[in-house]
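# Provided below are the primary sequence and the corresponding predicted coordinates.
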Amino acid sequence: MNFNEMRVIRNILWTTTIALCLSCKNGFGEPEGPLSLTSFKEIDSLINVKSFFDARRKFEESKSILLKKDSIYLSAQLNSVFNNLETSNILIGRLFSEFGQNISDSLERGLLGVEYVNYAKLHKYKKAHDIGEKLLEEYDSFLGPDEQEGYANTNAIWEPLKNVAAQTISKSADTEFTMSRDKANLKNLPVKVGDITMDFIFDTGANISTTVKSTAEKLSMHSIPASIQVGSITGEQVEASLAVCDTLRLGNMTLANVIFLVFPDEALYVPSIDFQINGILGYPVIEAMGEVTITKMDAFVVPQHPTKKSGGNMALDFLTPIIELQDKSGVRLPYAFDTGATTSMLYPRYFKRFRENIEDHYEPTEFEFGGAGGSIKKKGFLVPFDVVINDKSVKLDSIELIAKDTAKAFQHLYGNLGQDLINQFGGFTINFESMYIDFE
């Protein structure tokens, strides 16, 4: 078992990219100047391939030449990926109210896709479900096979949650304690439900919090009838259900209505080290904390009031934190930030960009990855990785680079950054309100 891939819930929830059909007219049916149209297309294209930071920079440069409606449309998308969800929804509402008669079907489909993501992240499951159904029923001709499958799969989660209240959090004071390490050397937090305390893995790379059947029963979680097929690393399907934890406590934080994906115990059992995973705290719980600091000595700190800061370096690919890092040549590229990964990994997009240098200097090899449902082998290279963080050169001597993969998770990002890179520093802070990751 490769513990880098013991992130059993990866990209369970899927989000669509917005593909617009643009010609000499914009999506509002009105002609615009060539410079404005070129900028609009460029920024929209950058968003579609998840180059969110480049899109934000280009948007700021182009504000003065963009038409008002194009500017609002792009701003709605950018506010979504930079976690200003309510603002994004307000902007979408403005577009429909001010330009509704001129919005093309393809553009409306794109706007609904953004709203779908926003409501899912706001825990407004019924609204997310209803938009998903509308997209599948009324806009199916604008959806490719993968998109249709994606909406159908995620709606299989939202449908049984339609009557579940949104997750909430309250903080009576700052929370501070020392995290524990499990047999796989992953960081755990003491989760208290009622009078029972159990260790759950802290994992920013998990799209949804996860547990196993025996733990859900022990903690008296409310089971929600559902049959959700989760893709494993081998391509096989693992069946899971859902449960709601009424009240969950972490130090001075109390969360209510926490959703868990529930697996059979054996799906999260690691036989090589005789290790049963109790549960994983994923993005929805971690994001609700607002700001989290974890030190190299495993101190865990959540302030009652998150720090305000401008110029954030973090975006969200639906429920996955994305950080932009700069290499020695000054090139800035986006990577997933994954505290649940023991080691970092580079993706095919990185290989494509630096292919000539990699093939000239490194020998191809094969890696085996394990996860829920088994293991699989992939071809790639072992390469060094150099980036600049806080004006400090950080180098990993040898990390795995996957040369080719068809999975959606690997298509647009350059890699997945794990604990081997994080441990080059004294700690890190991740802030979901000001959208930044700082390394100490």
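Sure thing, it's come through. Computed from a prediction, not measured in an experiment: that's the story for all the values here. Residues are numbered from 1 along each chain as shown.
# mind listing the helices for the stretch 301-440 of the chain?
348-353, 355-361, 419-422 (DSSP state H, counting those that start in this stretch).
# low pLDDT regions in the stretch 151-300 of the chain?
For the stretch 151-300 of the chain, the stretches with pLDDT under 70 are 231-236.
# so where do the strands sit in it?
Using DSSP state E, counting those that start in this stretch, the strands found in the stretch 151-300 of the chain span residues 168-171, 175-178, 180-181, 187-193, 196-202, 210-212, 222-231, 237-250, 253-263, 269-270, 275-276, 279-281, 291-295, 299-302.
# The stretch 301-440 of the chain now?
Using DSSP E, counting those that start in this stretch, strands in the stretch 301-440 of the chain cover 314-317, 320-326, 332-337, 345-346, 364-371, 374-389, 392-402, 415-417, 427-431, 436-439.
# how about JSON lines for the ones you listed, with mean neighbour count and mean pLDDT added?
From N, CA and C alone the C-beta is placed, and that goes for glycine too. Output for the strands of the stretch 301-440 of the chain, formatted as JSON lines (neighbours: other Cβ atoms under 10 Å; pLDDT from 0 to 100):
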{"stretch": "strand 314-317", "mean neighbour count": "22", "mean pLDDT": "94"}
{"stretch": "strand 320-326", "mean neighbour count": "20", "mean pLDDT": "92"}
{"stretch": "strand 332-337", "mean neighbour count": "21", "mean pLDDT": "92"}
{"stretch": "strand 345-346", "mean neighbour count": "26", "mean pLDDT": "94"}
{"stretch": "strand 364-371", "mean neighbour count": "16", "mean pLDDT": "79"}
{"stretch": "strand 374-389", "mean neighbour count": "16", "mean pLDDT": "87"}
{"stretch": "strand 392-402", "mean neighbour count": "16", "mean pLDDT": "92"}
{"stretch": "strand 415-417", "mean neighbour count": "27", "mean pLDDT": "94"}
{"stretch": "strand 427-431", "mean neighbour count": "20", "mean pLDDT": "95"}
{"stretch": "strand 436-439", "mean neighbour count": "18", "mean pLDDT": "94"}
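# can you list these in a markdown table and add distance to residue 159?
Formatted as a markdown table, those follow (distance: least, Cβ to Cβ, whole Å):
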| stretch | distance to residue 159 |
| --- | --- |
| strand 314-317 | 24 |
| strand 320-326 | 23 |
| strand 332-337 | 28 |
| strand 345-346 | 33 |
| strand 364-371 | 26 |
| strand 374-389 | 28 |
| strand 392-402 | 34 |
| strand 415-417 | 30 |
| strand 427-431 | 31 |
| strand 436-439 | 34 |
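# Going by length in residues, pull out the top helix of this protein.
helix 105-121 (DSSP state H).
# What average pLDDT does that helix get?
Helix 105-121 shows an average pLDDT of 94 in the prediction.
# Buried deepest among the helices of the stretch 301-440 of the chain, which one?
helix 419-422 (a mean of 21; mean count of other Cβ atoms under 10 Å).
# Show me what it packs onto, helices and strands only.
Contact analysis of helix 419-422 by 3 or more Cβ pairs under 8 Å, 6 or more residues apart in numbering; DSSP states H and E lists strand 392-402 as its packing neighbours.
# What lies in contact with the strand it packs on?
4, 328, 343-348, 350-351, 358, 367, 378-388, 410, 420-421, 424 (Cβ atoms under 8 Å, 6 or more residues apart in numbering).
# again, but for stretch 359-367
Contacts of stretch 359-367 (Cβ under 8 Å, 6+ apart): 2, 377, 378, 379, 380, 381, 382, 383, 400, 402, 403.
# quick one, what contacts the fifth one?
Listed by Cβ under 8 Å, 6+ apart, the contact partners of residue 380 are 351, 364, 365, 366, 367, 400, 401, 402, 403.
# If we use 10 Å, what do you get?
Contact analysis of residue 380 by Cβ atoms under 10 Å, 6 or more residues apart in numbering lists 345-348, 351, 358, 362, 364-367, 400-405.
# Check the last one too.
By Cβ under 10 Å, 6+ apart, the contact list for residue 403 reads 346-348, 350-352, 355, 358-359, 364-365, 378-381.
# So which of those residues is the closest to residue 248?
For the contacts of residue 403, the residue nearest residue 248 by Cβ to Cβ is residue 347; the value is 33.2 Å.
# Show the backbone phi and psi for the closest one.
phi -100, psi 170 (degrees, to the nearest 10).
# when you give positions from now on, start the count at 533
Yep, numbering from 533; the last one is residue 879 now.
# Would you agree it is in contact with residue 886?
No: using Cβ atoms under 10 Å, residue 879 is not in contact with residue 886; the gap is 11.8 Å.
# any idea how far residue 870 is from residue 713?
Distance, residue 713 to residue 870, using Cβ to Cβ, to the nearest Å: 17 Å.
# and the gap between the residue nearest the centre of the chain and residue 678?
With distances taken as Cα atoms, centre = their mean, residue 852 lies nearest the centre of the chain, 1.2 Å away. The spacing between residue 852 and residue 678, counted by Cβ to Cβ, is 17 Å.
# Now do the SS call for residue 612.
helix (DSSP: H, G, I helix; E, B strand; the rest coil).
# Near it, how many other residues are there?
Neighbourhood size, residue 612 [other Cβ atoms under 10 Å]: 28.
# before we move on, what about residue 752?
By other Cβ under 10 Å, 12 other residues sit near residue 752.
# With residue 835 instead?
The number of residues near residue 835, taken as other Cβ under 10 Å, comes to 18.
# list the contacts for the nearest residue to it once chain neighbours are set aside?
Nearest residue to residue 835 in three dimensions, chain neighbours excluded: residue 706, at 5.2 Å (Cβ to Cβ, 6 or more residues apart in numbering). When contacts are counted by Cβ under 10 Å, 6+ apart, residue 706 touches 783, 784, 785, 833, 834, 835, 836, 837.
# Go again with 7 Å.
Contacts for residue 706 were tallied using Cβ atoms under 7 Å, 6 or more residues apart in numbering; they are 784, 833, 834, 835, 836.
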